[in-house]
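*Asks:* What follows is a protein structure lacking sequence information:
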């Protein structure tokens, strides 16, 4: 299995359970590893034969920036569903962080894996 990745993608959104969090936009940060086969892209040098990380990034930026969630767990599950279903990815690992949510920590969040490794 090959992995195409995106690191530290930052998007502003409405996320949180407190009233004040529902009134402001906060930054979430994500790292995404997507299991795929890059051999066809490598052999042909054709972008149509690869998992296009720019397309994935644009889709997730659009989705996250237009969404509102109470929990990072729910957002993570929705992101995983988009990537698995819309981009023909068989496996992914997602780290979704909410920087600044705990004053003494640089970042807090969740890491999930979905799909089947091949």
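*Replies:* Perfect, thanks for sending it. Remember, it's a predicted structure, so these values are computed and weren't measured experimentally.

*Asks:* Show residues contacting the longest strand seen in the chain.
*Replies:* Longest among the strand segments of the chain by residue count, using DSSP state E, is strand 2-15. Under the criterion CB atoms under 8 Å, 6 or more residues apart in numbering, residues 21-22, 24-39, 50-51, 53, 56-57, 60-61, 64-65, 67-72, 75, 98 lie in contact with strand 2-15. Backbone N, C-alpha and C define where each C-beta goes, glycine included.

*Asks:* what do you get if the cut-off is 6 Å, keeping everything else the same?
*Replies:* 25-34, 36-38, 51, 53, 57, 61, 64-65, 68-69 (CB atoms under 6 Å, 6 or more residues apart in numbering).

*Asks:* ok, which stretches of this protein are strands?
*Replies:* So, for the chain - with DSSP E - the strands run 2-15, 26-36, 68-69, 91-97, 109-115.
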